[in-house]
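Participant: A structural model of the following input is requested.
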Amino acid sequence: MTTFGPPTRGALAALALLAVLVAPVRAQPLAPAPSSPPAAERAVLLQNETDLVLMQFFLSPPDSGLRSPDLLGAEVVRPASTHRINLGRVPACVFDAVARFADGSEEVRHGVDLCATPRLVFGDPSLPTLQVVVANRSQVRLRELYVSAGGPPDWGRDRLGQAAIPPAGRFLLRMRTRDCVFDLRAVYDDGRGEVRGRVDLCGAREIAFDRTGSDRAPMRRIVLANRHLATVRQVYLSPSSDSDWGPDRLNAAMLAVDEDTTVEMEGACLADLRIVFAEGAAEERRALDICATTRIVLRPGWVVAERLDEEEPVLPEPAAQAPGALRLRNGGGLPIIAVHAGPPGGPRGEDRLGDDILPIGMTLEIEPADAESCAADLVAVFRDGREVLRRGVDLCAGEEIEIR
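Facilitator: Numbering: from 1, shown residues only. As a prediction, this is how the structure comes out:
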């Protein structure tokens, strides 16, 4: 398709600048010189016969090292298309021309005479055009596509450029070539590659990628031992590089108290683990090396434990006590999910735990808001929703109280 239109303001300004740059320097005349006729209207016709979208086009005085603004502006020249750029009344004819394509590559033409040859052809129009549809029949987005007549390791550039092929999506692959047989390689969002070798693209209308031939990541297996006091309803184990948790590894089963189970996943050694209890509370731990630790005991405090394969609950480490702070110990059978300390008879106050929990046997230091606010009503909320109220506790006494 050929498009015509008046020159853009940026194009006129750029060419005006170039006209000044290429104008010869003359001595000041002693008498007024006769006026010269105005320069003729100039234009350049860009013809794109490559496989890529022509994104930007620049002109500059020959061998100057300078470069005009992008004369295409918001326009592009798609493969098998032409585009006319009106340059206005520019006295110069000879320029260096630069075409920049969608993959970032550039083609430079030195000393182009636009007065004698106003049409610039990029690519070889004598080559036949090969077109084939590439279909993504997997459930993962296809982010890169390579086509090579020589196969690996020389795959060349990514044919998708800035595009991608979503699940069930299609992409029209277009190439100028006399060859027919190529190797194709697709790369998915999770980094896995899939290769279709020695494909006759001249005889094919569609090439599909479905991950059946993709690179397989190693299978990782770990044993989970439930030593909590509640049934685990769901287990999520996913590579730490993934952005989501993936499927429930228990497959709708349950992991009861004192039971063990084996779960598995494909991927590297670093993994994230999340467990969800029957009543909906959850615990998780990130960046576990499941190649080094193949057995994980889910017990109170396992999310902070140094050893994950020990059976006993994690004992609280002695912490430096702030002067006068109250220590609240969880002596119940479930983790505490919220602790409120407010003025006696007043509102509860903010939750001192925030997004954390207080595991069984662990302590939490609670400091007064100021020296005049030592007395408080304390409310602890357990994971099953049960609340325990302690009225009139002294937050400045430096004592430890246990909540059951």
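Participant: low pLDDT regions in the stretch 1-150 of the chain?
Facilitator: 1-39 (pLDDT under 70).
Participant: mind listing the helices in the protein by residue range?
Facilitator: All helices of the chain, identified by DSSP state H, fall at 9-22.
Participant: Cross-check the contact I'm expecting between H83 and V53.
Facilitator: No. H83 lies out of contact with V53 (CB atoms under 8 Å); the separation is 11.2 Å. Just so you know, the C-beta spots here come from the backbone N, C-alpha and C atoms, and that holds for glycine as well.
Participant: between those two, which one's more packed in?
Facilitator: Taking neighbours as other CB atoms under 10 Å, H83 and V53 compare with H83 leading, 22 against 16.
Participant: Excluding chain neighbours, give the residue nearest to Q131 in space.
Facilitator: Using CB to CB, 6 or more residues apart in numbering and skipping the chain neighbours, the partner closest in space to Q131 is R174 (5.1 Å).
Participant: show me the contacts for the one you found.
Facilitator: 51, 79, 129-131 (CB atoms under 8 Å, 6 or more residues apart in numbering).
Participant: Now the two most distant members of those.
Facilitator: Distances among the contacts of R174 were taken as CB to CB; the most separated pair is P79 and L130, at 11.7 Å.
Participant: before we move on, the earlier item: ok, so of the contacts of R174, who is nearest V393?
Facilitator: When these are compared against V393 (criterion: CB to CB), the nearest one is D51, at 75.1 Å.
Participant: Contacts only, for the closest one.
Facilitator: Contacts of D51 by CB under 8 Å, 6+ apart are 79, 123, 159, 174-176.
Participant: do that again at 7 Å, thanks
Facilitator: D51 is in contact with 79, 174-176, counting by CB atoms under 7 Å, 6 or more residues apart in numbering.
Participant: what's the closest non-adjacent residue to it?
Facilitator: Among residues not flanking D51 along the chain, M175 sits closest, at 5.2 Å (CB to CB, 6+ apart).
Participant: what's the spacing between that neighbour and A163?
Facilitator: 15 Å (CB to CB, to the nearest Å).
Participant: Among those two, which residue is more densely surrounded?
Facilitator: Shown here are M175 and A163; by other CB under 10 Å, M175 has more neighbours (18 against 13).
Participant: so the more buried one makes contact with L127?
Facilitator: No. Counting by CB atoms under 7 Å, M175 does not reach L127; the two are 8.8 Å apart.
Participant: While we're on the residue nearest to D51, how confident is the model there?
Facilitator: As predicted, M175 sits at a pLDDT of 87.
Participant: And it, how close does it get to V76?
Facilitator: Look at M175 and V76: by CB to CB, they are 19 Å apart.
Participant: got a list of what the residue nearest to D51 touches?
Facilitator: Counting by CB under 7 Å, 6+ apart, M175 has contacts 51, 130, 147.
Participant: For R157, see how far away the first one is.
Facilitator: Okay, so that is D51. Between D51 and R157 the distance is 9 Å, computed by CB to CB.
Participant: returning to that earlier point: want to throw the contacts of M175 into CSV with distance to S68?
Facilitator: Shown next, in CSV, are the contacts of M175 (distance: CB to CB, whole Å):
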residue, distance to S68
D51, 26
L130, 35
V147, 34
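Participant: Which of those fall within strands?
Facilitator: Those of those mapping onto strands are 130, 147, per DSSP state E.
Participant: Which of the contacts of M175 sits closest to L201?
Facilitator: The nearest member of these to L201, counting by CB to CB, is L130 at 5.7 Å.
Participant: didn't the closest one look like it was pressed against T177?
Facilitator: Yes. Under the criterion of CB under 7 Å, L130 makes contact with T177 at 5.5 Å.
Participant: what's near enough to touch M254?
Facilitator: Neighbouring residues of M254 by CB under 7 Å, 6+ apart: 231, 233.
Participant: Tell me, what's the model's pLDDT at it?
Facilitator: Reported pLDDT at M254 in the predicted model: 94.
Participant: Backbone torsions only: list them for it.
Facilitator: Dihedral angles of M254 (phi, psi; degrees, to the nearest 10) stand at phi -130, psi 150.
Participant: Pull up the gap between it and V108, please.
Facilitator: For M254, the distance to V108 equals 67 Å [CB to CB].
Participant: Kindly report the same for L395.
Facilitator: Look at L395 and V108: by CB to CB, they are 75 Å apart.
Participant: if you count what's nearby, which of these two comes out ahead?
Facilitator: A direct count of neighbours by other CB under 10 Å for L395 and V108 places L395 higher, at 20 against 12.
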